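S.K.: Only the shape, not the letters, is given here:
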């Protein structure tokens, strides 16, 4: 009987016994944030059913003994994260199980208590900011290892495998990782190792990049921008940069106006007590974070902090974003940053489609404070800030990186280098890369030459009819110091060829020094302003204002210029220029100014420009300014020479311009320019100051959009432009506009000018289109909606004064559109 009962018991409960014996007696796990992959310390881990439980240690690890229990699962909870339950059977016999916690949807709950301990802790943290912020030291230095990784997110391996495009790249699919939930494919990785030095008074910063691994991108400007100088997040500051936005820090002096604070827990570790401090936004749609931190109870310094953004933030294309910082205690009262991590999920075509995951991980070692070595290194600076790339920094061996990295590369990171090395050796990959570059930039390299831009190949206008144009330039393969470019155009209406030829020779690229020569014989296509759509652009055909006469003028120009710059941001340009003008349509004929000849002018000019600490991103020959934190000042003097090369005019001209861009959180950003000039001489209209007008419906930030071209001419002028980009503004208070992430702005443009009697008599000929401001103030103001569908901007512009003359056929109100892609 006993044997029968035992057999029955074994048959019914045997599987359960086998499961119980399959898992280990002691369960081991690592609890991590699913997005940042950083460990979560002090999370609650409990058996279910049952009452036994533990908390994770400071590294997110736990051990839990299940012997003598009937628990079938482990439950993990932590403030701000969704509760997670894992079967006991999921734990292996050995090793540690990685457990990723997903963020919970934040819900602000107001609880009435006699004391708001979270707010009290905030006051204490803010009061101690100056003592805990590293910038309080007279000087400090450390070694930095900076790592940037880019992954493709939500990759569908099956669909990719079916694409003909991937036929020759099937090995890439082997690198797809599914351990983080949505499949990711690591595609790019860069590393830098550098020494960073800081001095408070006078402010000096220096970064020496000792090693750089950039996957074949041989560009020093890229290497400099991958260092620590321009990518530093300080949680003790009032504002924290997120892409091109400034977010309010929970440690801000005014943080209580934007955040709700809480203290759900405290913990003691190694004899030190820490407060668990949480924060959530008071209102939706503002530039705020949610997250938590651990605060040391005696110094009120941050020991660990995690800041999070979700898809509800006012940042475009970002579904999730995490900023993680870990601090290490150097002595009883000093905590110093030891690790900094920035992770963003970017989905440019919609959060349900595939996107990108960017990760920046920075670790800090060998911290020194107020040592003589720091003073010695900073004494080498010629400017207050310098980034130096050591020779052969990009040629370090794999063994060097293995020994010098602060953290070992994980499996995905190691596979990226191997994959990229393989791709760069494949001709087909280079072909695909060139095709994508051609479609996006307009240029296509062919050996040592390049063609494009393709959007200038075909256009049409009232004078030339159908116009075709072809450009040809050289690449560094032709000559690394010389750039040659030219184009040939033909108008099928006027049956005339036009063209341009130019050459650059670069003696130095940093700081920049070059000689540039140009010959041009073409129509004046209005290519005077940075973002203007010129007349020979295919896109200008559909957006021209109706009823405004198109002005055509032929220009023949020979120009030679010499440019030289210094490391402190001062540059000088000397220009020698000869121009011949032939008005063609809707402009006064040359016969009013010369008899039987051409309007011929020879001019020399000297321009000085000062842009302190301006940053650049270098291309093969040309560079893009990344701006400066200081105003940029430009001065120009021009002299006309009568009799030189047939020139008919003698004059002196002075011009100046000041540009500045400032972020003014939490009120957005402000951009302004002030400019002016005066000319001494009597000249035809094309040599005077022609106020910049706009005759298409594409908004031009550098021109007066309700002014026609050649509407106003002056020989002395002063003007100012200002634009305030507010951000969400009033839109954050309306549900639908907050969800669409619409943004507000306003702008104003003014111009005052005069024209001497001599220049008025010369230029105000019969049927002229010009007007004279005569001391009046031209003013136009605008506002509108930015970030429509995340790429469009709509401008509503009003012309306040003066009233346009009938000849100009300008309007007093206009609606303009433009493309603006920004985070």
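M.R.: It's in. Keep in mind it's a predicted model, so treat the numbers as computed, not measured.

S.K.: Residue 626: neighbour count?
M.R.: Close neighbours of residue 626, defined as other Cβ atoms under 10 Å, add up to 12. Any C-beta I mention is one placed from the backbone N, CA and C, and that applies to glycine too.

S.K.: Return the residues in contact with it.
M.R.: By Cβ atoms under 8 Å, 6 or more residues apart in numbering, residue 626 lies in contact with 225, 614-617.

S.K.: Highest neighbour count among those residues?
M.R.: The contacts of residue 626, ranked by neighbours (other Cβ under 10 Å): first place residue 615, 19 neighbours.

S.K.: Now the closest residue to it other than its chain neighbours: phi and psi?
M.R.: Of all residues not flanking residue 615 in the chain, residue 626 sits nearest, at 4.0 Å (Cβ to Cβ, 6 or more residues apart in numbering). Backbone geometry at residue 626, expressed as degrees, to the nearest 10, gives phi -100, psi 10.

S.K.: Distance of residue 626 relative to residue 611?
M.R.: 11 Å (Cβ to Cβ, to the nearest Å).

S.K.: Kindly report the same for residue 553.
M.R.: On the measure of Cβ to Cβ, residue 553 and residue 611 end up 33 Å apart.

S.K.: same question, residue 480
M.R.: Distance of residue 480 to residue 611, computed by Cβ to Cβ: 26 Å.

S.K.: cool, and residue 547?
M.R.: Distance from residue 547 to residue 611, by Cβ to Cβ: 41 Å.

S.K.: Likewise for residue 432?
M.R.: For residue 432, the distance to residue 611 - Cβ to Cβ - is 37 Å.

S.K.: one step back: pull the most distant pair out of the contacts of residue 626.
M.R.: The two members of the contacts of residue 626 with the most space between them (Cβ to Cβ) are 225 and 614, at 13.0 Å.

S.K.: Return the residues in contact with residue 605.
M.R.: Neighbouring residues of residue 605 by Cβ under 8 Å, 6+ apart: 573-575, 577, 636-639.

S.K.: Residue 464 now?
M.R.: Here residue 464 is in contact with 491-494, 496, 523 (Cβ under 8 Å, 6+ apart).

S.K.: 7 Å instead?
M.R.: By Cβ atoms under 7 Å, 6 or more residues apart in numbering, residue 464 lies in contact with 491, 493-494.

S.K.: what's the answer for residue 414, then?
M.R.: Contacts of residue 414 by Cβ under 7 Å, 6+ apart: none found.

S.K.: distance between the helix or strand hosting it and the chain's centre?
M.R.: Taking DSSP states H and E as the criterion, residue 414 maps to helix 411-424. Relative to its chain's centre, helix 411-424 lies at 26 Å (Cα atoms, centre = their mean, to the nearest Å).

S.K.: so after it, what's the next helix or strand?
M.R.: helix 427-441.

S.K.: helices or strands next to that next one in the packing?
M.R.: Packed against helix 427-441 by the contact rule (3 or more Cβ pairs under 7 Å, 6 or more residues apart in numbering; DSSP states H and E) you find strand 444-446.

S.K.: what's next to the strand it packs on, contact-wise?
M.R.: Residues contacting strand 444-446 (Cβ under 7 Å, 6+ apart): 434, 438, 450-452, 475.

S.K.: try 10 Å this time
M.R.: 430, 433-435, 437-438, 450-454, 472-477, 620 (Cβ atoms under 10 Å, 6 or more residues apart in numbering).

S.K.: how about the helices in this structure?
M.R.: For the chain, helices defined by DSSP state H occupy the ranges 2-22, 117-127, 129-132, 157-162, 220-225, 372-378, 398-404, 411-424, 427-441, 735-740, 757-763.

S.K.: Kindly report which one of those carries the lowest mean pLDDT.
M.R.: The minimum mean pLDDT among the helices of the chain belongs to helix 2-22 (a mean of 38).

S.K.: among the helices and strands of this protein, which has the poorest mean pLDDT?
M.R.: Ranked by mean pLDDT, DSSP states H and E, the helix or strand of the chain with the weakest confidence is helix 2-22, at a mean of 38.

S.K.: returning to what we had before: for ChimeraX, write a command that selects the buried ones of the contacts of strand 444-446.
M.R.: Per 16 or more other Cβ atoms under 10 Å, the buried members of the contacts of strand 444-446 correspond to this ChimeraX selection:
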select :438,450,451,452,453,473,474,475
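
S.K.: My read is that residue 213 contacts residue 402, right?
M.R.: No - counting by Cβ atoms under 10 Å, residue 213 does not reach residue 402; the two are 11.7 Å apart.

S.K.: Between those two, tell me which one has more neighbours.
M.R.: Comparing residue 213 with residue 402 by other Cβ under 10 Å, the one with more neighbours is residue 213, at 22 against 10.

S.K.: quick revisit: from residue 147, how far out is the residue nearest to residue 615?
M.R.: Taken as Cβ to Cβ, the span from residue 626 to residue 147 is 22 Å.

S.K.: what do you get for residue 658?
M.R.: On the measure of Cβ to Cβ, residue 658 and residue 147 end up 40 Å apart.

S.K.: ok, now residue 355?
M.R.: 20 Å.

S.K.: tell me the pLDDT at the residue nearest to residue 565 when sequence neighbours are not counted?
M.R.: Distance criterion Cβ to Cβ, 6+ apart; nearest residue to residue 565, sequence neighbours excluded, is residue 571 at 3.7 Å. We have a pLDDT of 96 for residue 571.

S.K.: same deal with residue 200?
M.R.: Per-residue confidence (pLDDT) for residue 200: 91.

S.K.: correct me, but it touches residue 137?
M.R.: Yes - using Cβ under 10 Å, residue 200 makes contact with residue 137 at a distance of 6.8 Å.

S.K.: So those two - more neighbours on which side?
M.R.: residue 137 (15 against 12).

S.K.: do you know how far the more buried one is from residue 130?
M.R.: Using Cβ to Cβ, residue 137 is found at 11 Å from residue 130.

S.K.: for residue 691, same thing?
M.R.: For residue 691, the distance to residue 130 - Cβ to Cβ - is 51 Å.

S.K.: more neighbours, those two?
M.R.: Shown here are residue 691 and residue 130; by other Cβ under 10 Å, residue 691 has more neighbours (22 against 10).

S.K.: mind listing what the more buried one touches?
M.R.: So residue 691 contacts 703-704, 707-714, 717, 719, 751, 753, 771, 773, 778 (Cβ under 10 Å, 6+ apart).

S.K.: From those, which land in strands?
M.R.: If you go by DSSP state E, the contacts of residue 691 have 713-714, 717, 719, 751, 753, 778 in strands.

S.K.: Out of those residues, flag the one nearest to residue 239.
M.R.: Distances from residue 239 to the ones in strands among the contacts of residue 691, taken by Cβ to Cβ, are shortest for residue 719, at 31.9 Å.

S.K.: For that closest one, which residues are in contact?
M.R.: In this structure, residue 719 makes contact with 657, 673-677, 689, 691-692, 704, 749-753, 777-778, judged by Cβ under 10 Å, 6+ apart.

S.K.: what about the nearest residue to it once chain neighbours are set aside, how many neighbours?
M.R.: Once flanking residues are discounted, residue 719 sits nearest to residue 751: 3.9 Å by Cβ to Cβ, 6+ apart. Counted with other Cβ under 10 Å, the neighbours of residue 751 add up to 24.
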